[in-house]
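K.L.:
Just need the structure, nothing else, for what follows:
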Amino acid sequence: MTAGRNLVLASLEAEGGDRCIDVFRRPDGTFGFEEYRRDGEDGRGWYRIGGYGDQTFPSEVEARAAAGRVIPWLPKS
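P.N.:
Modelled structure (predicted):
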């Protein structure tokens with residue numbers, strides 16, 4: 001993994017394609033997630049909307065579970 005950069009482990013997109021979450025591993029070994037949005041008429045791409053990226057979790061499973069609790073469009077497993 002590149003030093004200083006998060007490694008995205010999964011990118012889960014909403015059914016309409018306008019929102020997604022990334023689940024990632026940080027260089028320090030902790031995990032997190034963030035929610036993003038894109039507007040089809042706006043060519044700027046994805047931008048962060050969730051404000052969840054600073055939360056830390058000891059595992060990918062726990063990060064995914066936390067995302068499932070706060071992101072209403074994310075399918076429950």
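K.L.:
And the strands in the chain, which stretches?
P.N.:
Here the chain has its strands, by DSSP state E, at 7-13, 19-25, 31-37, 47-48.
K.L.:
Packing partners of the shortest one?
P.N.:
Just to be clear, that refers to strand 47-48. Under the contact definition 3 or more C-beta pairs under 8 Å, 6 or more residues apart in numbering; DSSP states H and E, strand 47-48 sits against strand 31-37. (Each C-beta comes from the backbone N, C-alpha and C, glycine too.)
K.L.:
Give me the distance between the helix-or-strand element of the chain with minimal mean pLDDT and the centre of its chain.
P.N.:
Within the chain, no helix or strand scores below strand 47-48, which has a mean of 91 by mean pLDDT, DSSP states H and E. Chain-centre distance of strand 47-48: 10 Å, with C-alpha atoms, centre = their mean, to the nearest Å.
K.L.:
And the strands of the chain: which comes nearest residue 70?
P.N.:
Nearest of the strands of the chain to residue 70, taken as C-beta to C-beta: strand 31-37 at 8.5 Å.
K.L.:
comparing the strands of the chain, which gets the lowest mean pLDDT score?
P.N.:
Mean pLDDT values for those show the minimum at strand 47-48, a mean of 91.
K.L.:
hmm, who's touching it?
P.N.:
For strand 47-48, contacts defined as C-beta atoms under 8 Å, 6 or more residues apart in numbering pick out 34-38.
K.L.:
and those as a markdown table, adding distance to residue 50?
P.N.:
As requested, the contacts of strand 47-48 are exported to a markdown table (distance: C-beta to C-beta, whole Å):
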| residue | distance to residue 50 |
| --- | --- |
| 34 | 5 |
| 35 | 3 |
| 36 | 7 |
| 37 | 9 |
| 38 | 13 |
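K.L.:
Grab the two from these that are most spread out in space.
P.N.:
Greatest spacing in the contacts of strand 47-48, by C-beta to C-beta: 34 and 38 (13.5 Å).
K.L.:
No further questions, thank you.
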